[in-house]
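Novice: no letters, just coordinates:
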């Protein structure tokens, strides 16, 4: 029996391995230019034979099929594993312009035939040669068709609270030695979330001309106000490697082997974009709390039957897409006998290329204090849907809660059952006892030592409490004052750490420390909470304290430089980094001197 199971197991493993095999096809250029050489490769992760290529009826075969075999070896936990890959390559040239198809190829592995997928290739008219003939004879002059920066958005007309995406792309047909961000767009009037991008260049064909294209910045923008908003320019400083035109012979370099190339600096600016932001329609529903997009609501409680003074966890989940990241807790009419704590906010949103998706959870802790039957009321939530251009309402159902008698009484008066009764009794006379227990006293209590002790003690305790509260309040004020007073010291300490990272050639840590020093100085000096840190809040507080506009722009520009330098830290030279460090030190001193 064991032998049969072992054979079945081996057969299953072999079948699984066979199913994993696939004949892949890869094209190095798609789309491609007419007349351009195209390389097509067919590969399979096994030793193959009897390869049959496709019918290249729309292509001229310049070379191939060229077979090749490669092997790799790995060692894991003392066990070796080898893998063989078989590849057949062709070099082709398209015979015409249009959408052409490369049909399937086949290959045999251990008696079984595998077939590749067909591939469609777009062939476009080649204008690159014509463009090359129009180039400026001066090789050191780079025109705007060879190197440029663009900004594009998916929408130019939106509603307040609606999201759009902006993408900054760098197009080049020249040899770039380095790139450096010189101005980051401020994007005033928008709440901004930067998206991850790859700095790798990819091939794109524009009007029949091939370009190397890199996405340098991608962001989601949420309009915070209505009106005509502007996405301002981004600026990038580039160093272009060009070939020298040495007309005169050099006695020390008769063959022209040296000084063949030099670099030319060119500053690129993206196009500004105007965005028209419409205000939300009026009148707004009473249950509208700022949600824009397409939303759903869900309410959950962990227990519908509890004892008095036991906790209930309630979750309100808003899900869908839109400005989820900006949504805040809203008013809910809980039963008056429930003690309600501030909600814990759980953000489970994620951003795609055009919008924010996911959910936001508001988790409440409820404690019913008295027994009885209660209801968590139905919740209505209104949001604006830009697709329908209308407000829509989502609702939840009522949730009945049964509260049983607790183990301990909340009130010392046994006949009080809820908060309404407590409020009523507070306006009534004190309860009159019907039975007394009188004892004869040898001396009067009035003006006795015990009387004065009981009389003075509450007064002393009250005065002590006032003094304590005053001291605590002063300490809180001093804490804020101390943070503001020591803001410069803390910032300078971080800048010294940044200097160490610069000396150790740790560029990413250098930019991170510079950015932290600027944000930390601003937060401590102006007593701003971490959650409110933004470039808009920098400008708002600087204007409030009469900081010069030039200083404001320099401070925000430094923040932008540090942020953008993380995309390509290796391109910034040490001398530029030292200048950035010096600028950070100077701007902190400048703000310190101007703050009133």
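Specialist: Now that the structure is in, tell me what you want to look at. Computed from a predicted structure; not experimentally measured.
Novice: shaky segments in the stretch 451-596 of the chain?
Specialist: Within the stretch 451-596 of the chain, the ranges that satisfy pLDDT under 70 run 472-484, 531, 566-574, 596.
Novice: any chance you could map the helices in it?
Specialist: Under the criterion DSSP state H, counting those that start in this stretch, helices of the stretch 451-596 of the chain are mapped to 487-503, 507-525, 535-544, 549-565, 574-594.
Novice: the second one: which residues count as buried?
Specialist: By neighbour count, and taking 16 or more other Cβ atoms under 10 Å as the criterion, the buried residues in helix 507-525 are 507, 509-525. Just so you know, the C-beta spots here come from the backbone N, C-alpha and C atoms, and that holds for glycine as well.
Novice: with the first one instead?
Specialist: Burial within helix 487-503, assessed by neighbour count using 16+ other Cβ under 10 Å, is assigned to 487, 488, 491, 492, 494, 495, 497, 498, 499, 501, 502.
Novice: next, format the helices of the stretch 451-596 of the chain as a markdown table and append distance to residue 384.
Specialist: As requested, the helices of the stretch 451-596 of the chain are arranged in a markdown table below (distance: least, Cβ to Cβ, whole Å):
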| stretch | distance to residue 384 |
| --- | --- |
| helix 487-503 | 41 |
| helix 507-525 | 33 |
| helix 535-544 | 23 |
| helix 549-565 | 31 |
| helix 574-594 | 39 |
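Novice: can you tell which of those helices is closest to residue 93?
Specialist: Distances from residue 93 to each of these were compared using Cβ to Cβ; the shortest belongs to helix 549-565, at 41.5 Å.
Novice: residues near residue 349, how many?
Specialist: Residue 349 sits with 18 neighbouring residues when counted by other Cβ atoms under 10 Å.
Novice: let me know the secondary structure of it.
Specialist: Reducing the assignment at residue 349 to three states with DSSP: H, G, I helix; E, B strand; the rest coil gives strand.
Novice: so it touches residue 359, yeah?
Specialist: Yes - Residue 349 is within contact range of residue 359, at 7.0 Å (criterion: Cβ atoms under 8 Å).
Novice: any shared contact partners between those two?
Specialist: Contact criterion Cβ atoms under 8 Å, 6 or more residues apart in numbering; residues bridging residue 349 and residue 359 by contacting each: residue 324.
Novice: now, the most widely separated pair of the buried residues of helix 487-503?
Specialist: With distances taken as Cβ to Cβ, the most widely separated pair in the buried residues of helix 487-503 is 487 and 502, at 22.6 Å.
Novice: neighbours of residue 319, how many?
Specialist: Taking other Cβ under 10 Å as the criterion, the count of residues near residue 319 is 17.
Novice: got it, and residue 61?
Specialist: When neighbours are defined as other Cβ under 10 Å, residue 61 has 13 of them.
Novice: and it, what are its bridge partners?
Specialist: With DSSP bridges as the criterion, residue 61 is bridged to residue 92.
Novice: not counting its neighbours along the chain, what's nearest residue 400?
Specialist: Setting aside the residues directly before and after it, residue 400 is nearest to residue 375 in space (Cβ to Cβ, 6 or more residues apart in numbering), at 5.6 Å.
Novice: quick check: which element contains that neighbour?
Specialist: If you go by DSSP states H and E, residue 375 is part of strand 372-376.
Novice: check residue 87 too.
Specialist: Residue-wise, residue 87 maps onto strand 79-94 under DSSP H and E.
Novice: and that strand, what's buried?
Specialist: Buried residues in strand 79-94, counted by 16+ other Cβ under 10 Å: 85, 86, 87, 88, 89, 90, 91, 92, 93, 94.
Novice: against residue 302, how distant is the fifth one?
Specialist: The reference is to residue 89. Applying Cβ to Cβ, to the nearest Å, the value for residue 89 to residue 302 is 62 Å.
Novice: of all the helices of the stretch 451-596 of the chain, which lies closest to residue 190?
Specialist: Taking Cβ to Cβ as the measure, the helices of the stretch 451-596 of the chain were each checked against residue 190, and helix 535-544 came out nearest at 9.0 Å.
Novice: and the closest one, what does it pack against?
Specialist: The contact analysis (3 or more Cβ pairs under 8 Å, 6 or more residues apart in numbering; DSSP states H and E) places helix 535-544 against helix 549-565.
Novice: okay, the angle between the helix it packs on and helix 574-594?
Specialist: Angle of helix 549-565 versus helix 574-594, following axes from the mean of the first three to the mean of the last three Cα atoms, to 10 degrees, is 140 degrees.
Novice: after the strand holding residue 375, which helix or strand is next?
Specialist: Stepping forward along the backbone from strand 372-376, the first helix or strand reached (DSSP H and E) is strand 380-385.
Novice: each with direction, which strands does the next helix-or-strand element following that next one pair with?
Specialist: Taking DSSP H and E as the definition, the helix or strand that follows strand 380-385 towards the C-terminus is strand 390-395. Strand 390-395 has the following sheet partners, assigned by DSSP bridges: strand 380-385 (antiparallel).
Novice: pLDDT on the partner strand, on average?
Specialist: Rounded to a whole number, the mean pLDDT of strand 380-385 is 94.
Novice: which phi and psi does the residue lying closest to residue 560 once chain neighbours are set aside have?
Specialist: Closest residue in space to residue 560, ignoring its immediate chain neighbours: residue 184 at 3.0 Å, by Cβ to Cβ, 6+ apart. As for residue 184, its main-chain torsions (degrees, to the nearest 10) stand at phi -100, psi 140.
Novice: how about low-confidence regions in the protein?
Specialist: Segments of the chain classed as low confidence (criterion: pLDDT under 70) are 1-19, 75-78, 80, 128-141, 245-261, 408-447, 472-484, 531, 566-574, 596.
Novice: show me what the helix or strand harbouring residue 216 is packed up against.
Specialist: Residue 216 is part of strand 209-223, with elements assigned from DSSP H and E. Here strand 209-223 is seen to pack against helix 128-133, strand 163-172, strand 190-194, strand 202-206 when contacts are counted using 3+ Cβ pairs under 8 Å, 6+ apart.
Novice: can you report phi and psi for residue 31?
Specialist: Its backbone dihedrals place residue 31 at phi -70, psi 160, with angles given as degrees, to the nearest 10.
Novice: surely it touches residue 120?
Specialist: No - under the contact definition of Cβ under 8 Å, residue 31 does not touch residue 120, with a separation of 10.2 Å.
Novice: neighbour count for these two, which is higher?
Specialist: For residue 31 and residue 120, the more surrounded residue by other Cβ under 10 Å is residue 31, and the numbers stand at 16 against 10.
Novice: for the more buried one, give me its contacts.
Specialist: Residue 31 sits next to 121, 122, 123, 124, 205 when contact means Cβ under 8 Å, 6+ apart.
Novice: spatially nearest residue to it, not counting backbone neighbours?
Specialist: Distance criterion Cβ to Cβ, 6+ apart; nearest residue to residue 31, sequence neighbours excluded, is residue 122 at 3.9 Å.
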